[in-house]
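> Attaching a predicted model along with its sequence, questions to come.
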There are 2 protein chains.
Amino acid sequence: MVTLADVARAAGVSASTVSYVLSGKRSISEITQERVQRAIADLGYTPHAGARALASNHANVLALMVPLRSDMYVPVIMEIVTAVITAAREFDQDVLMLTGNEGGDGLRRIARSGRADALILMDIELDDPRIPVLREVTTPAVLIGLPSDSTGLTCIDLDFAATGAACADHLADLGHRDVALIGESQEVYRRHTGFAERTLAGFQERAAARGLRSIHRPCEGTFESAAGTLTRILGERPSTTGFVVQNEAAIPPLMSLLRQLGRLVPEENSVLAICPDQVALQTSPQLTSVSIPAEEMGRGAVRLAMAQLAGQQTVGSTLLPPKLAIRHSTAAR
Amino acid sequence: MVTLADVARAAGVSASTVSYVLSGKRSISEITQERVQRAIADLGYTPHAGARALASNHANVLALMVPLRSDMYVPVIMEIVTAVITAAREFDQDVLMLTGNEGGDGLRRIARSGRADALILMDIELDDPRIPVLREVTTPAVLIGLPSDSTGLTCIDLDFAATGAACADHLADLGHRDVALIGESQEVYRRHTGFAERTLAGFQERAAARGLRSIHRPCEGTFESAAGTLTRILGERPSTTGFVVQNEAAIPPLMSLLRQLGRLVPEENSVLAICPDQVALQTSPQLTSVSIPAEEMGRGAVRLAMAQLAGQQTVGSTLLPPKLAIRHSTAAR
DNA sequence: CCAAATCTTCGAAGCGCTTCGACAGCGGAT
DNA sequence: ATCCGCTGTCGAAGCGCTTCGAAGATTTGG
């Protein structure tokens, strides 16, 4: 293994000089810098992460806790994960992955061990059991999602209430009178996952305000569940012509069911999805959708975490505005 | 922050004694152990990871490099990732995530910095540019996937050649004479990703051996591509009645296309998928499939990595045998 | 009852790095 | 010529832990 001392010897300077060349925390003459850089390159030196963490008291690692059992749509999770890793590397940080089932204990362990300098949590429940731990440790933390009580916490999320409202508005604008929200699975509501409830509230309020009759049903991702949900909605209110789908996995079955029922999309019925663009684009017809800005959320979370590490004040909720992309699954009636 | 020294003071012993209680590397009297454990619990002590890494020369971290751009089906990746993390925790290891686009440099950086004790790589290409780096560093490494030259490397993967063969066998057993393999996207073959090529070879060989006429076409995950691929196959050889689908994303469009064409599944045509059980189960009808043992691969990779760290010899390829689950999308004709 | 063997525990060194205080050398102002 | 304030560099301390050798304490066998 090549150490700082080896580099110092090769460059004919002291160890501290090499350290300062690396960190730039003191001015070092041009000529010395070059000699040191040469030695580093020649020897193939990489600083020892543990030694660094010990001496400097920060690990250059961000911990990211991802949901294990997935109510959330997996591709979205993965997109956030890669965004976080990519953004972290730009700040010269690595990313440690934890699974949600490590819970608060896992966070405490990481925070106390100094393995990571900051925590990023996904899949936040309204009354998330990990939040008390966040308040107990002093490690910077960012939530991707919104708990019910976010005082003192730094959060980032899509503005799901505005998303629900935007969907209601779009359908109202197109002249639909009876609309339905085909939501996430029962399980998601039972766990009080914030995004689903906020979407629902935003949708219902705006629908009411625009004089629409709205209906909401949870839906699993299976063909059977999608069929059952649609049947029940149409049985209860056959005049329903506007559909908002939140559970991405239900989109393909739903589209083929509507086709089977002879309800043409978009000529007779409009379908609006809340999903990543990729999903909306590979469905036929391409779906009008509000996209889930996974990339932005991931990057934003890292940015907020780094700001906290830099001592900045970041407490509060960053709500990303929904962007409605009009494609070929919605039309005026 | 609570340190070893604090614990030692509280327990009235020396620091080294506390260390030995924690590691169990020397015998410590029952009574002292208890006193130390009490102090640890009282103070809420967690060892500092960096200090540990520095002194002991291992980080208790496994690095996992996941593909960034996804030719592989995302849910499978995620399942492997969670399996790796979960298994790693059972060995008291944490997992550092790297993205594939960090490439060999990323691996070198991690290996040299001592940030991780072992490397686990996913999405292996036949002639993967990261492999020379693996041979250069001395850090233990495990590949999930098979490169063309695996001498000196430790690999684990589903036996895709046997998988392709099993699919051909199943269709032959059912009496199909003309069969098609609807493969991964062009891009996957262009990059010489091992699993796709091995599946194809296994399928073609066995099909030939069983006297079947076989055809192979790559396929993207979009509706359009699935439609185009199917049209071309049926145009070229309308007598085709047995289909093997490797690209999971193509399954839903393919099933609805066959339905539209009036080709009943399984009465007239058989469809066999290579996909996670979850996907096979939520399609209608449920698909006969060879499952991708993501969990086993992830756990296995960790087991192999830990074995290497323990100084055991693990070089060689672990090929997991395919398991064909017969469901409702294949039938005798 | 003593020496040898064994069990417990301790002190000190050192892992590779950062960082603080100090100091030499320098030019400019006096 | 003298003092001052720079700039550039160095040495040493110390981060929290593991581990080695050794020293007391205790037990065992003769």
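Thanks, I have the structure now.
> got the buried residues for stretch A:326-333?
A:R327, A:S329, A:T330, A:A331 (16 or more other C-beta atoms under 10 Å in any protein chain shown). The C-beta positions use only the backbone N, C-alpha and C, and glycine is treated the same way.
> and what of stretch A:124-131?
For stretch A:124-131, burial by neighbour count (16+ other C-beta under 10 Å) applies to A:I124, A:E125, A:L126, A:D128, A:R130, A:I131.
> contacts for that stretch?
Stretch A:124-131 has contacts (C-beta atoms under 8 Å, 6 or more residues apart in numbering or on different chains) with A:65, A:103-104, A:107, A:121, A:143-149, A:153, A:155, A:191-194, A:197.
> Would you list the buried entries among the residues you listed?
Among the contacts of stretch A:124-131, those scoring as buried are A:65, A:104, A:107, A:121, A:143-147, A:153, A:155, A:191, A:193-194, A:197 (criterion: 16+ other C-beta under 10 Å).
> Can you flag which of those belong to helices?
Here DSSP state H is the test, and the buried ones among the contacts of stretch A:124-131 give A:G104, A:L107, A:G194, A:E197 as lying in helices.
> what about the closest residue to the second one other than its chain neighbours, neighbour count?
Of all residues beyond its chain neighbours, the one nearest A:L107 is A:V133 (5.0 Å), with distances taken as C-beta to C-beta, 6 or more residues apart in numbering or on different chains. Look at A:V133: counted by other C-beta atoms under 10 Å in any protein chain shown, it has 19 neighbours.
> Around DNA strand D, which positions in the stretch 51-200 of chain A sit nearby?
Counting by C-beta under 7 Å from any atom of the strand, the residues of the stretch 51-200 of chain A close to DNA strand D are A:A51, A:L54, A:A55.
> what about 10 Å?
Counting by C-beta under 10 Å from any atom of the strand, the stretch 51-200 of chain A comes close to DNA strand D at A:A51, A:R52, A:A53, A:L54, A:A55, A:S56, A:N57, A:R112, A:S113, A:G114.
> Without its sequence neighbours, what residue ends up closest to A:E224?
B:S284 (7.3 Å).
> Show the backbone phi and psi for that neighbour.
Main-chain torsions, B:S284, degrees, to the nearest 10: phi -120, psi 120.
> residues contacting A:R135?
By C-beta under 8 Å, 6+ apart, the residues touching A:R135 are A:G152.
> tell me the SS of it?
The assignment at A:R135 comes out as helix when based on DSSP: H, G, I helix; E, B strand; the rest coil.
> Quick check: the gap between it and chain B.
Remark: distance between A:R135 and chain B (C-beta to the nearest C-beta, to the nearest Å) = 15 Å.
> do the same with A:F223
The value you get for A:F223 to chain B, if C-beta to the nearest C-beta is used, is 4 Å.
> same thing with A:L98?
Applying C-beta to the nearest C-beta, the value for A:L98 to chain B is 7 Å.
> What is the neighbour count of that residue?
For A:L98, the neighbour count with other C-beta under 10 Å is 24.
> Which residues does stretch A:203-212 contact?
A:164-165, A:167-169, A:171-172, A:176-179, A:181, A:213-214, A:216, A:242, A:244.
> In strands, which of those residues appear?
Secondary structure assignment by DSSP state E places A:D178, A:V179, A:L181, A:R213, A:S214, A:H216, A:G242, A:V244 of those in strands.
> which pair in these spans the largest distance?
Distance extremes for those: the farthest pair is A:R213 and A:V244 at 13.7 Å, using C-beta to C-beta.
> what touches both of these two?
In contact with both A:R213 and A:V244: A:V179, using C-beta under 8 Å, 6+ apart.
> Compare these two (neighbour count), which wins?
Taking neighbours as other C-beta under 10 Å, A:R213 and A:V244 compare with A:V244 leading, 28 against 14.
> Identify the bridge partners of the more buried one.
A:V244 has these beta-bridge partners by DSSP bridges: A:L181, A:L272.
> Make sure it is actually in contact with A:L171.
Yes. With contacts counted by C-beta atoms under 8 Å, A:V244 reaches A:L171, the gap being 7.3 Å.
> Close to DNA strand C: what parts of chain A are there?
Counting by C-beta under 10 Å from any atom of the strand, chain A sits next to DNA strand C at A:1-8, A:14-26, A:45-58, A:60.
> which of those residues are close to chain B?
Among the residues of chain A next to DNA strand C, the residues that sit close to chain B (C-beta under 8 Å from any C-beta of the partner chain) are A:M1, A:V2, A:Y45, A:T46, A:P47, A:H48, A:A49, A:G50, A:A51, A:R52, A:A53, A:L54.
> Name all residues that make contact with the fifth one.
Going back to what we said before, that points to A:P47. Contacts of A:P47 were listed using C-beta under 8 Å, 6+ apart, and they are A:L4, A:L22, B:S113.
> Specify which member of those is nearest to A:I233.
B:S113 (55.8 Å).
> Within the helices and strands, which one has A:M97?
Assigned by DSSP states H and E, A:M97 belongs to strand A:94-99.
> centre of the chain versus that strand, how much separation?
15 Å (C-alpha atoms, centre = their mean, to the nearest Å).
> Please apply the same query to stretch A:261-277.
Worked out by C-alpha atoms, centre = their mean, stretch A:261-277 lies 26 Å from the chain centre.
> Could I get the CA-only coordinates of that stretch as CSV?
C-alpha atoms of stretch A:261-277 as CSV (Å, rounded to 0.1, in the frame of the first residue of the first chain):
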residue,chain,number,x,y,z
LEU,A,261,-64.7,-2.8,-23.0
GLY,A,262,-64.8,-0.8,-26.2
ARG,A,263,-64.1,2.4,-24.4
LEU,A,264,-61.8,4.2,-26.8
VAL,A,265,-58.9,6.2,-25.4
PRO,A,266,-58.7,9.1,-25.9
GLU,A,267,-61.9,9.5,-28.1
GLU,A,268,-64.3,8.5,-25.3
ASN,A,269,-62.3,8.2,-22.2
SER,A,270,-59.3,10.1,-21.0
VAL,A,271,-56.5,8.4,-19.0
LEU,A,272,-53.9,10.5,-17.1
ALA,A,273,-51.0,8.8,-15.3
ILE,A,274,-48.7,9.9,-12.5
CYS,A,275,-45.6,8.1,-13.5
PRO,A,276,-42.1,8.4,-14.9
ASP,A,277,-41.9,9.7,-18.5
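> mind listing the strands for the stretch 51-200 of chain A?
Ranges of strands in the stretch 51-200 of chain A, per DSSP state E, counting those that start in this stretch, are A:61-66, A:94-99, A:118-121, A:141-144, A:154-158, A:178-182.
> In CSV: these, plus mean pLDDT.
Conversion of these to CSV gives the following (pLDDT from 0 to 100):
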stretch, mean pLDDT
strand A:61-66, 98
strand A:94-99, 98
strand A:118-121, 98
strand A:141-144, 98
strand A:154-158, 98
strand A:178-182, 97
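> among those, which is nearest B:T314?
Among the strands of the stretch 51-200 of chain A, the nearest to B:T314 by C-beta to C-beta is strand A:94-99 (23.6 Å).
> Name the residues of the closest one that are buried.
Neighbour-count burial for strand A:94-99 flags A:D94, A:V95, A:L96, A:M97, A:L98, A:T99 (criterion: 16+ other C-beta under 10 Å).
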